[in-house]
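# I need the structure of the sequence given here:
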Amino acid sequence: MTDYAQTVLDHYGLSTPYPLEWPPEKDDSEASEEEEEPIAKRMTKVRRSKSRYSALARATSDRRSLVPGSQKSNNGVENLVQRDEPDPLGSTESVVRILRQLGLPVQDDTGLRNRFLLSSTTFSPSLFLSQVHSTASTQDLLQGLDTLSRSIDQKSASLKVLVESNFERFVRAKATIDNVYTEMKYRGDVPVVPPPRTRPHSRHASRNSFRASSGNQTAMTAMAPDVKKKNALSKESEFGVLGIKKPLLDVSAKAEEVWGPALGGREKEESLKSMSTIFERYKEMYEASAAISDCIKRRDYETLVEEYSKARKFAEEAKDLTEMLGNSPPTDAQLHQILLAARVWHDVEDQVANFKRELWRKLIATHDLPMNGETPSGSPQDGHMELIGILLELGVNDSPIWVWLLSRYDHLKNKITLTWDRSKVEIEILRRRLANGERPTNQVVASHLRSLARHTAEDKPTSIDSAEIVELWEKMYGHLTTLLSAKGILGEVIEFWKTVQSFLDGSAQRTLPTGLNGESRVHHRLSSEGTIELQKGTVELISMIRERVFGFFSDLPTEDISSLFSPIPATPNTPGSAGFAGLTPTSIRDPRFNFDANNLPPPSPKRGEAWEKFAFWPPWSNSLSGVHYLAKLLVLLGTGAGEMASVPLIGEGDGAALEQLRNLIGGARERCVSAICGAWNKDAENIKVLEDWRRSPERRNLTRMPANFGAFESAVLSGMQKILYISEAKVGNAQVIPPPPAKLLQMVRSQFVTTLYKAFSGLVENSERVVKATDDDWTTETDGLASPVATVIATSIGAGTVNASDRNVRMLLTLSNLQALRIDVIPNLTTQFENSFAVKLTEESKTIRNVVGDIDARLFQSYTRPAVETLRNIIKRGIMAPDWPPANEEKPKEVKAYVYEALLSLVLVHTQVSTTASSLTSQVLSYLLEQVSRELLDAFKQRQRYTLSSLMQATLDVEFVAQTLTQYTTDKASEIQSQIYQELDKGTDNDARQKLQNELPEMRAVLKRLREGSKSEFTCFKRHRRADRPAVSPPPV
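Below is the predicted model:
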């Protein structure tokens, strides 16, 4: 750069010949006060009173340097330091040029340049010599020293001449300045210092003398000059303004009070107009805070997001404006915008932060809402999606999707634990109270076992067992429903997985906002680690449900109940546990569930009952309620297992989880079958209590026992079939229900046959047991057998009752019932069993028929034995009587009396059988006819010889009996009658045989006459046109 160019730059105070902007220091250069002050500031500037010395202060501050080429400091004020100067040693005319040639940045760095300039106070001689004269020789330095000395001498001589020539002026100026100072300081009264005065004596005046008072006046006179000192130019009088300061302040205050409003009206107008303009411009921003608060109160989340977006955009604009300004001072409008944005954004951010905290709390609280409940904003269902959308729209640091999924997982995990623990407590409490109760009486058991004859278990399940047992069954079913149903906890877990899956595949995020500038888009996707954690959490929730259900069926009853509710498990729906689903309303009001740790139910007593090994079996429950409710429980379990398998993590996994579900179904089913078989066996032992000795409405020759037994067995078989195959479970395509193993089928098969045997044994016991009547007609027997007390008197109540105190009546009805069981009930049950379980009971059916036949024969013999003994005695006594043969070999005209007596005894039997069990009439009388024929044969064998009259008498007796009981004649009876005639023929001769043939027509006439004469007595033996049930051959003797 040439010297001329540098001179131009120095003249204009520029650092480069091509500046890009106006130098900031030029704003504070030689400009007037009006130019320095911005126009907007001058317009809004409030007038203030100025001191009379303000011009002096300005003149002092605006003093310009009279030294040509002087430089300015950083604040724009000129000083005596020049921008450049010649070398004081005389080597060059420009020190700065030499330094630039040396490469030093003295043009830009003023501080460095001043260290090389002699006129600067920061001049460094050593640095100057080391840089400017770094190549100078000793001779050059000596010459420079001479030049410097001459320069100093010249300046000293000039200063000396100036002082000498102007000495008198300096003295006069000094005297003038001193006089002016004295005048101003003392106001023209120069204090006179009195000379010291000696005191010749120490005489003093009295304190009360006149001199003392005159002294006071002198003191007062001496204080007068102090009034002038108020205006003196001294520090004590504030350099002459103390006297007028207070009046000026008072006048200024009064003027401001009087003329202030008038003089400041325009300024206020301008200020208000400016504020009005700014308010109109930023009206929405002023109202942003109130609008957001109103939106929060009205739950108008859409408008809230809009207002928040506006406030945030305004704040970002102010932030960008601040960054753009940098160190530059903002204008009033810009400053107002920045301050307004800061104030509004602080208020909005505070409200939105509080609102976000409330949204987080509501987002977590959505887990406690019912399935058909409403969200905090009043919209049904999917409340979490609305809250997540609002949070994403407002912008958050944490992903609300991830937070909600994790909180949902924790909620479900706690809900499973608390619900099941509470359920175990309630079930065990009821189970122990039942176990410690009294054993149900046989009458109570009978009433429940007979209930299926009136309606099915599905129609009225409360009648199949006691109210307490049914309540416990319902409690178990309710708890498992809460855990496994589609509307219960399992349904929530499945729905949780579907929600997770929708977030993983991105379908759930399609409707979610991305926030301002897309900043919430990062929260739309779940990380790979989060995906794995959610998958593991879903599998864990399903495993928790599976393990608890399996423990419910497989675990033994808890011995230490205090471990179950110490502390008492929280109820999921109580406020203290954040509202989980689980406790039934009845248990809240039921005082039995007011658990007291100091009053624990006692452990179940050990009585050797089969149900003591099963925690899920209510004590004293019968098999009817067992199959009914366990079938429902297993259907619920099977459906739940199918729902679990529908989760791809389970159904499409490595197969271990699916196998665990199969083991759950198989283990629960095996335990259920074992428990039911034990109860079924116990009910079979008590099946005799089904006999109430009341006739069946459909078949009057039977009691209600066969129908009740058939309904009972059929219900158990139907329920057992549902339990073994769980066919009603809705599992879809999931293969979670394994086929029943052969071991279970064999267990059911054996128990079915055993039940039939025990039922038959109970029938025999009922018929043969001696029933004691009591004086009290309403007294029931305590041994559990069907008591005749009520039924005997009940004959006046209805025709359905019989005289069960009569052993023969019981025998006949039992025989009739056995006949119905053998012909109808047992074959139907066998067919049902074979169809239900796909097995054939060939051997078992044969064995059952043999057993029924043996029991029937034994009972038949037991019933007919007294009648046979009576007939034997009558016949033997009649035939062996001495007067049996006709007297004097006369032709007999009548049958002997023993024949009538035997037939009358048969009339009694016929009456009893036909009125009690008419279906057995033919069977019983046919058998008795055979026995009569046999007794006749035996009696006739005892006589060795028969004359014609004896032969005719024997023939009349035999034929009269045979013709009277002709409708009950069997092949065996005919055969025995033939044997009788053969025996009679052996005891006679040919002459008697010939004569007998001749007497046969007459004998026929006698028989006809005798039959006609006894028609009324033996009309019961006459064959009726309306035939009864086909006769059944009597059992073999």
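# can you tell me the distance between the two ends of stretch 518-527?
Length of stretch 518-527, first residue to last, C-alpha to C-alpha, to the nearest Å: 18 Å.
# show me which positions of it end up buried.
Neighbour counts over stretch 518-527 (16 or more other C-beta atoms under 10 Å) mark 520, 523-524, 526 as buried. Heads up, the C-betas are built off the backbone N, CA and C, glycines and all.
# identify, from the residues you listed, the entry nearest to D410.
Minimum distance to D410 across the buried residues of stretch 518-527 is 16.8 Å, recorded for L526 (C-beta to C-beta).
# which residues in the stretch 401-550 of the chain form helices?
442-449, 467-484, 489-504, 528-554 (DSSP state H, counting those that start in this stretch).
# just name the shakiest helix or strand of this structure by mean pLDDT.
When the helices and strands of the chain are scored by mean pLDDT, DSSP states H and E, helix 788-793 comes last with a mean of 36.
# quick one: mean pLDDT for the helix or strand following that one?
Under the assignment DSSP states H and E, the closest C-terminal helix or strand after helix 788-793 is helix 807-820. On average, the pLDDT along helix 807-820 is 87.
# so what does the lengthiest helix in the chain touch, helix or strand wise?
Ranked by residue count under DSSP state H, the longest helix found in the chain is helix 242-281. Contacts defined by 3 or more C-beta pairs under 8 Å, 6 or more residues apart in numbering; DSSP states H and E place helix 242-281 against helix 39-44, helix 332-365.
# surely A288 touches A311?
Yes - between A288 and A311 there is a contact at 4.5 Å, judged by C-beta atoms under 8 Å.
# okay, and the common contacts of these two?
344, 348 (C-beta atoms under 8 Å, 6 or more residues apart in numbering).
# rewinding a little: who wins for proximity to T639 among the helices of the stretch 401-550 of the chain?
helix 467-484 (7.3 Å).
# residues touching the closest one, excluding its own?
By C-beta under 8 Å, 6+ apart, the list of residues contacting helix 467-484 from outside reads 416, 419-420, 423, 426-427, 430-431, 433-434, 437, 461-462, 464-465, 488-490, 545, 548-549, 552, 581-582, 584, 616, 618-621, 625, 629, 632-633, 636-637, 639-640, 643.
# buried set for it?
Buried, per 16+ other C-beta under 10 Å, within helix 467-484: 468-476, 478-484.
# what of stretch 674-690?
675-680, 682-684, 686-690.
# would JSON lines of those residues with secondary structure be doable?
Shown next, in JSON lines, are the buried residues of stretch 674-690 (DSSP: H, G, I helix; E, B strand; the rest coil):
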{"residue": "A675", "secondary structure": "helix"}
{"residue": "I676", "secondary structure": "helix"}
{"residue": "C677", "secondary structure": "helix"}
{"residue": "G678", "secondary structure": "helix"}
{"residue": "A679", "secondary structure": "helix"}
{"residue": "W680", "secondary structure": "helix"}
{"residue": "K682", "secondary structure": "helix"}
{"residue": "D683", "secondary structure": "helix"}
{"residue": "A684", "secondary structure": "helix"}
{"residue": "N686", "secondary structure": "coil"}
{"residue": "I687", "secondary structure": "helix"}
{"residue": "K688", "secondary structure": "helix"}
{"residue": "V689", "secondary structure": "helix"}
{"residue": "L690", "secondary structure": "helix"}
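# farthest pair in the residues you listed?
Among the buried residues of stretch 674-690, A675 and K688 lie farthest apart (C-beta to C-beta), at 23.0 Å.
# show me what contacts the nearest residue to M952 once chain neighbours are set aside?
Leaving aside its chain neighbours, M952 sits nearest to P892 (5.4 Å; criterion: C-beta to C-beta, 6 or more residues apart in numbering). Counting by C-beta under 8 Å, 6+ apart, P892 makes contact with 886, 949, 952-953, 956, 1006.
# mind running it again at 7 Å?
Residues in contact with P892 (C-beta atoms under 7 Å, 6 or more residues apart in numbering) are 886, 949, 952-953, 956.
# neighbour-wise, which one of those residues leads?
The most crowded member of the contacts of P892, judged by other C-beta atoms under 10 Å, is M952 (25 neighbours).
# got any ranges where the stretch 151-300 of the chain has weak pLDDT?
185-240, 262-264, 266, 271, 274-275, 278-279, 281, 283 (pLDDT under 70).
# now do the strands in it.
Using DSSP state E, counting those that start in this stretch, the stretch 151-300 of the chain contains no strands.
# how many residues are close by K1015?
K1015 has 11 neighbours, counted by other C-beta under 10 Å.
# nearest spatial neighbour of L634, skipping sequence neighbours?
Setting aside the residues directly before and after it, L634 is nearest to I726 in space (C-beta to C-beta, 6+ apart), at 5.1 Å.
# angle of the helix or strand hosting S836 against helix 807-820?
In this structure, S836 sits in helix 826-837 according to DSSP H and E. For helix 826-837 against helix 807-820, the angle by axes from the mean of the first three to the mean of the last three C-alpha atoms, to 10 degrees is 40 degrees.
# quick one on the thing from earlier: and the pLDDT at the residue nearest to M952?
So, for P892, pLDDT stands at 84.
# phi first, then psi, for it.
Torsion angles at P892 (phi, psi; degrees, to the nearest 10) stand at phi -70, psi 130.
# can you show me the helices along the stretch 51-200 of the chain?
Under DSSP H, counting those that start in this stretch, the stretch 51-200 of the chain gives helices at 54-61, 95-101, 110-114, 125-132, 138-165, 167-186.
# what's the closest of these to G395?
It's helix 110-114; of the helices of the stretch 51-200 of the chain, that one is closest to G395 (C-beta to C-beta) at 49.8 Å.
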